[in-house]
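Engineer: Pasting a predicted model and its sequence here:
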Amino acid sequence: MSDAPVTRGFVGRRRPAQSDRLPPGQYDAGRQWPVLSAEPTPQVDLDRWTLTVDGAVLEPHTWDWSALHALPHATTTVDIHCVTTWSRFDTPFTGVSVETLLDVCGVASDATHVVAHTASGYTTNLPLDDVRSDRAWVVWEADGRPLTADHGGPVRLLVPHLYFWKSAKWLTRLELLDHDEPGFWERGGYHDRGDPWLEQRYQGDP
Amino acid sequence: MSSQPAGSDPVVENPGGTGWQLATVRAKDHPTEGFVRLRLELPEPAPHRAGQHYVVRLRAEDGYTAQRSYSTASAPGDPLVELMVERMDDGEVSGFLHDEVRVGDTFEVRGPIGRWFTWDGRERALVFAGGSGVVPMVSMLRHAIGTGNPDALRVVAVAKSLDRLPYADELLASGAFVALTRENLGARVAAPPYPDEVAPLLDDVDAAFVCGSVGFVGYATRLLREQAFPSDAIRVEQFGETG
């Protein structure tokens, strides 16, 4: 197919003023925050909810709701980019850096990837480097309010530099692996890494 | 889902299905208020499964692009890809597809995509769709009828009124249960589907497919759970407002 075929008659929206913040093929959804998920929203009981980090770690660890909140946490304001092409700028999230959790467990020397598991059974895979160095968070607040179940509450993963399906909702477990293992959407053809700036939407993208 | 091993899928992945192709519009009409139907010819069509979607990408002269995902209503085996696109307020892509596109035009598409929200025709399934959520269900319905297996699929379609329900004639002719929320349909007074209307359709059903807006999906999955239908047998596709 010829490169970059122009669509007859298509002009498109006015170009975003902050185009340097908008990855290719995305649009600015303003303050809207669309909800997308593959399964019914699970009802997560806070008294029974826990988060486990295990797999290729020196010592697995499980936190309950209060133990997680006892860890040093912070609010970080980020832009998020969904593979369905909406982006939402300047969204504040509050939670714990994944690095803090990994510090507690200790990362095994052969660990290369991580799979996020959720209360609904959803999984997503990420290179370990993408969740280190305070680039990934385990969050329970968005826009200054408790994360609603629709948006992954009580606790979701936040990896803002990758497409948002990597930021698994209803997080319950981070499993470190010494190899890559495609998650739920990835087995269905979505990209293993998902960098929005490279438009890594589907398998086979750069 | 996570317990479902990746290798269990009998359908061979089609890597060609994820590249961009230049589709040609072969037919365009507006059979339902607020919807446009497009039938697209792809140079290298890949077999799809009922419930899958395609991505449409439009490109302006300055290189600006906009892309959206749309489920196809085509049965597997249909040589053309049929889309039924609802017009969104100020919709950048839907507005273009409604107002500007003509038969013979070309634009880029990619697909088929998605393996989760697909029906292979073997399991007995209930599909529960609201508004434009009926589009992937029509693909499933056509598949069921086309393969001589209409009893495997039960359809609940919900809309405000019949003239806002895509494929209304086809759904009614197939025996689908149609619930209108803003107008009466025959003897049925306008209302969302009642639990006792849906419950009998759940007998012997292995899986439920729910598709519609966020609000609709919340309603439908709650209703199914109240009927003690297992959550892990419900597959959901929901959409927010994108243009």
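Structural biologist: Received the coordinates, thanks.
Engineer: For the residue with the largest distance to the centre of chain B, give its distance to A:F10.
Structural biologist: Residue distances from the centre of chain B (CA atoms, centre = their mean) peak at B:D62, which lies 32.6 Å from the mean C-alpha position. Counting by CB to CB, to the nearest Å, the gap from B:D62 to A:F10 is 11 Å. C-beta coordinates here come from the backbone N, C-alpha and C atoms, glycine included.
Engineer: Of all residues in chain A, which one is nearest the centre?
Structural biologist: Centroid-nearest residue in chain A, with CA atoms, centre = their mean: A:S167, separated by 1.4 Å.
Engineer: Quickly note the distance from it to chain B.
Structural biologist: 16 Å (CB to the nearest CB, to the nearest Å).
Engineer: That residue: what's it in contact with?
Structural biologist: Residues near A:S167 by CB atoms under 8 Å, 6 or more residues apart in numbering or on different chains: A:80, A:152, A:156-160.
Engineer: Recalculate using a threshold of 7 Å.
Structural biologist: Applying CB atoms under 7 Å, 6 or more residues apart in numbering or on different chains to A:S167 gives the contacts A:156-159.
Engineer: How confident was the prediction at the residue nearest to A:P206 when sequence neighbours are not counted?
Structural biologist: Nearest non-adjacent residue to A:P206, counting by CB to CB, 6 or more residues apart in numbering or on different chains: A:L198, 5.5 Å away. For A:L198, the pLDDT comes out at 93.
Engineer: Repeat that for the one 5 residues further on.
Structural biologist: The pLDDT attached to A:Q203 in the predicted structure is 83.
Engineer: okay, now the nearest residue to it once chain neighbours are set aside: neighbour count?
Structural biologist: Distances taken as CB to CB, 6+ apart put A:G189 closest to A:Q203, at 5.4 Å, once the chain neighbours are dropped. Here the count is done by other CB atoms under 10 Å in any protein chain shown, and A:G189 has 22 residues near it.
Engineer: Please apply the same query to A:Y190.
Structural biologist: Residues near A:Y190, counting by other CB under 10 Å: 24.
Engineer: Over to the one 3 residues further on?
Structural biologist: For A:R193, the tally of surrounding residues (other CB under 10 Å) stands at 16.
Engineer: and it, that one's in a strand?
Structural biologist: No. Read with DSSP: H, G, I helix; E, B strand; the rest coil, A:R193 is coil and lies in no strand.
Engineer: My guess is it contacts A:L128. True?
Structural biologist: No. Using CB atoms under 7 Å as the test, A:R193 is too far from A:L128 to be in contact (11.9 Å).
Engineer: shared neighbours, those two?
Structural biologist: By CB under 7 Å, 6+ apart, no residue touches both A:R193 and A:L128.
Engineer: does A:D130 count as helix, strand or coil?
Structural biologist: helix.
Engineer: From chain B, how far off is it?
Structural biologist: From A:D130 to chain B the distance is 20 Å (CB to the nearest CB).
Engineer: Now do that residue, the pLDDT please.
Structural biologist: Reported pLDDT for A:D130: 97.
Engineer: cool, and the one 5 residues further on?
Structural biologist: Among the per-residue scores, A:R135 holds a pLDDT of 93.
Engineer: contacting residues for it?
Structural biologist: Taking CB under 7 Å, 6+ apart, one finds A:159, A:161 in contact with A:R135.
Engineer: Now stretch B:225-233 - C-alpha only, CSV.
Structural biologist: Presented in CSV, the C-alpha positions along stretch B:225-233 are these (Å, rounded to 0.1, in the frame of the first residue of the first chain):
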residue,chain,number,x,y,z
ARG,B,225,-25.8,-11.2,38.3
GLU,B,226,-29.2,-10.9,40.0
GLN,B,227,-30.3,-13.9,38.0
ALA,B,228,-27.2,-15.7,39.5
PHE,B,229,-25.5,-15.8,36.1
PRO,B,230,-21.8,-16.3,36.8
SER,B,231,-19.7,-13.2,36.4
ASP,B,232,-16.9,-15.1,34.8
ALA,B,233,-19.2,-16.2,32.0
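Engineer: Three-state assignment for residue 102, please.
Structural biologist: You didn't pick a chain, so chain A it is. helix.
Engineer: that's the wrong chain, I meant chain B
Structural biologist: coil.
Engineer: Near it, how many other residues are there?
Structural biologist: Neighbour tally, B:R102, other CB under 10 Å: 9.
Engineer: Which parts of chain B are strands?
Structural biologist: B:20-29, B:35-41, B:53-59, B:65-71, B:81-86, B:106-113, B:125-130, B:153-159, B:177-180, B:207-213, B:234-239 (DSSP state E).
Engineer: Any chance you could list what contacts the fifth one?
Structural biologist: Right, the one you point to is strand B:81-86. B:34-40, B:42, B:54, B:70, B:72-74, B:94, B:97, B:132, B:135, B:166.
Engineer: pLDDT averaged over it - what is it?
Structural biologist: On average, the pLDDT along strand B:81-86 is 97.
Engineer: Tell me what angle it forms with strand B:20-29.
Structural biologist: Put simply, strand B:81-86 runs at 60 degrees to strand B:20-29, going by axes from the mean of the first three to the mean of the last three CA atoms, to 10 degrees.
Engineer: now the angle from strand B:81-86 to strand B:35-41?
Structural biologist: Using the same axes, to 10 degrees: strand B:81-86 against strand B:35-41 is 160 degrees.
Engineer: Give me the distance between B:P150 and chain A.
Structural biologist: Counting by CB to the nearest CB - B:P150 and chain A are separated by 27 Å.
Engineer: ugh, wrong one, I meant B:L162
Structural biologist: Taking CB to the nearest CB, one finds B:L162 at 28 Å from chain A.
Engineer: For that residue, list the residues it contacts.
Structural biologist: B:168, B:180, B:183, B:185.
Engineer: who wins for most neighbours among the residues you listed?
Structural biologist: In these, the most neighbours by other CB under 10 Å go to B:L180, 23 neighbours.
Engineer: got a pLDDT number for that one?
Structural biologist: 95.
Engineer: my guess is it contacts B:A190, does it?
Structural biologist: Yes. In this structure, B:L180 is within contact of B:A190 by CB under 7 Å, at 5.7 Å.
Engineer: Pick out whichever of the contacts of B:L162 sits closest to B:C211.
Structural biologist: B:A168 (16.2 Å; CB to CB).
Engineer: And for the closest residue to B:T65 other than its chain neighbours, the neighbour number?
Structural biologist: Counting by CB to CB, 6+ apart, B:T65 lies nearest to B:R59, which is 4.9 Å off, once chain neighbours are set aside. For B:R59, the count of nearby residues is 18 (other CB under 10 Å).
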